[in-house]
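Novice: Here's a sequence, model it:
(chains A and B)
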Amino acid sequence: MELLDFARGPALTFALTVFIAGVVFRIASLVFMWRTRDSSVGSSREEPAALAAVKEIARRMWPLPTYRHRSLFQLINGYIFHIGLAIIVFLLLPHILFIKDLVGLSWGHLPNNLVYAVSIVTLISLIAALVMRISNPAQRIISTFDDYFSWLVTFLPVLTGLIATMHLGARYETLLAVHILSVCLLLIYIPFGKIMHFFLVFVTRSQTGAHLSHRGAQQL
Amino acid sequence: MADKNRKHRPQALKTQQTLGDMLAERGVSRRSFLKFAAYTASILALPPTAATAIANGLAAARRQSVIWLSFQECTGCTESITRASSPSIEDLIFDFISLDYHHTLQNASGHLAEAAREQAMEENRGDYLVVVDGSIPLKNDGYSTIAGISNRQMLEETVAHAKAVIAVGSCATFGGIPGANPNPTGAVAISELTDKPVINLSGCPPIPEAMTGTIAYLLSFAGIPELDHLGRPKAFYGEAIHDRCYRRPFYEKGQFAKSFDDEGARQGWCLYEVGCKGPVTYNACATLKWNGGVSFPIQSGHGCLGCSEPGFWDLGGFYKPLSAAKDDALKYAAGAAVVGAAAGAAASMAVRAKRNKLLKAAQAAVSDSGKEEN
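Specialist: Numbering: from 1, shown residues only, chains lettered A, B, ... in the order given. From the prediction side, this is the model:
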């Protein structure tokens, strides 16, 4: 029980503190970042920045026809594990109770058995993503430690959560503690790696959309 | 003083009568006795063949001297073991053992009570059982004394020549409520103060069958049952309550009571959301139940408190779901946000300052080169 106490107590408090400090640090850095004022005259096709941003977010939801055949599996696989992760994190009752205890917000949940099934699909999808990354020479070359470690800290909570649910290999409290500790690792790493896209994905796409619109880049 | 007391000592309950003789005297048929042996074998998770061994072992067992020490405790464990809705063979076994020392149950009091303990230790040296309920305060021996003897001293001298030690209840096994944060008396478990093998029967209180079953095992096999990593008999503490709970299917289906008086509670749905600790609690409540198999806390509508686990009092609240953080995990959130924002702003300002410095240097260089050209 001591390990579970540690995981639910000091480890979680520490991880959340680092997570909050790190995320705010990253966002504050971006807000206060020096930017060159763009004094250039905009393209004749330039749209209002907000509209261009929204269009860019929508456009990047699906690949252009030119690239579709090459990236379709990756895209669909990406959707599978992202949606799977969202279901696991936000629609499993124990997780909702965790969030409710933290910030007081709660919502409806799915049956646990259904979320377990989603977890298995998500695990397979994450493994497929890793295999793709390793087997594709171009992707392998551009992959860094951050890519692999981000994958690992995402994969571990799903795996340990599923093992805890199934009571495999050790007592439940030990498995639960390991699961919580894996979540702590994820929380600590989020601000400092590529998983920060959880907060920034739409910000960066908006910026790109507005910028491209100003430059008059061809919109397909 | 000890010699003076000796004159007043009660007559020792020595007898050559076996348990089999006593049961026969009380009118317990051989058939009933065998049924009890089979039941005991099953709750101890022993193979069916062990029933015969238990029957033979118990029938031939002689009166066992037991010294029951009560330290920092509430007497709930004694209440539990003596609580019986109808006379049973378990009760008879409890009657059969020679309970030579027990504050609540013995007739003798004062120095006579202590004399009974000393006499039992002397006459059954190396062969008596010590049952302990309650924790031992280590911060100050004066926090808990009996007849002027500190708990620690009494434990050490009593277990020195004991055959086996059984710690009964969560106070004796893990420190329990006296050991709860901030543990003002420095309460510790029995196993921390003796090298003797200790059988832990945790729970607040333990299930009576866990106590009588363990004593029956000791009488039958003259050995210690298989224990888990916390020193508890696996037969009673081998499985989580959650795994044996009749409400488990509701957990899997996602049907939870959200309060103790809502529709879910009336439908008997899972109590996870209202703080049930069944998933991390190992005990036989869901199978053996209480009060002669009538019910157990979850069946009565309340979540498991986890009372048979170490530190159950400090697990973050009885009504807090298990998946919630134990403490206020966001207690440093505001500070973290301020530090993060300040650090982010400072980093950006540093980059700006560096950029301005480089720009000025570049401008100066351009200006100098212009002058040279002129």
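
Novice: Okay, now the unreliable bits of chain A?
Specialist: In the predicted model of chain A, residues A:1, A:218-220 satisfy pLDDT under 70.

Novice: For it, which segments count as helices?
Specialist: With DSSP state H as the criterion, chain A has helices at A:2-6, A:12-31, A:49-59, A:65-91, A:93-103, A:112-135, A:137-142, A:145-166, A:172-189, A:197-215.

Novice: among the ones you listed, which is the most enclosed?
Specialist: Most buried of the helices of chain A, by mean neighbour count (mean count of other CB atoms under 10 Å in any protein chain shown): helix A:172-189, with a mean of 22. C-beta here means a position set from N, CA and C on the backbone, and glycine is covered the same way.

Novice: mind listing what the closest residue in space to residue A:103 that isn't next to it in sequence touches?
Specialist: Once flanking residues are discounted, residue A:103 sits nearest to residue B:330: 7.7 Å by CB to CB, 6 or more residues apart in numbering or on different chains. By CB atoms under 8 Å, 6 or more residues apart in numbering or on different chains, the contact set of residue B:330 is A:16, A:20, A:102, A:103.

Novice: can you do 10 Å?
Specialist: Going by CB atoms under 10 Å, 6 or more residues apart in numbering or on different chains, residue B:330 touches A:12, A:13, A:16, A:17, A:20, A:101, A:102, A:103, B:336.

Novice: Could you do residue A:43 as well?
Specialist: The contact partners of residue A:43, by CB under 10 Å, 6+ apart, come to A:212, A:213, A:214, A:215, A:216, A:217.

Novice: Please report how far the last one lies from residue A:132.
Specialist: As for residue A:217, its distance to residue A:132 is 29 Å (criterion: CB to CB, to the nearest Å).

Novice: could you list every residue that touches the residue most central in space within chain A?
Specialist: Closest to where the C-alpha atoms of chain A average out (CA atoms, centre = their mean) is residue A:198, at 4.5 Å. Contact analysis of residue A:198 by CB under 10 Å, 6+ apart lists A:23, A:82, A:85, A:190, A:191.

Novice: Turn those into a markdown table, columns for distance to residue A:109.
Specialist: Converted to a markdown table, these look like this (distance: CB to CB, whole Å):
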| residue | distance to residue A:109 |
| --- | --- |
| A:23 | 26 |
| A:82 | 19 |
| A:85 | 16 |
| A:190 | 23 |
| A:191 | 28 |
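
Novice: Keep those, but drop any that are not near chain B.
Specialist: Contacts with chain B within the contacts of residue A:198, counted by CB under 10 Å from any CB of the partner chain: A:23, A:191.

Novice: which among the contacts of residue A:198 gets closest to residue A:173?
Specialist: Nearest to residue A:173 among the contacts of residue A:198 is residue A:85, at 24.8 Å by CB to CB.

Novice: show me what contacts that closest one?
Specialist: Going by CB under 10 Å, 6+ apart, residue A:85 touches A:118, A:119, A:122, A:125, A:126, A:154, A:157, A:158, A:198.

Novice: mind redoing it with 7 Å?
Specialist: By CB atoms under 7 Å, 6 or more residues apart in numbering or on different chains, the contact list for residue A:85 reads residue A:122.

Novice: same check, this time on residue B:72
Specialist: B:134, B:135, B:137, B:144, B:171, B:178, B:185, B:187.
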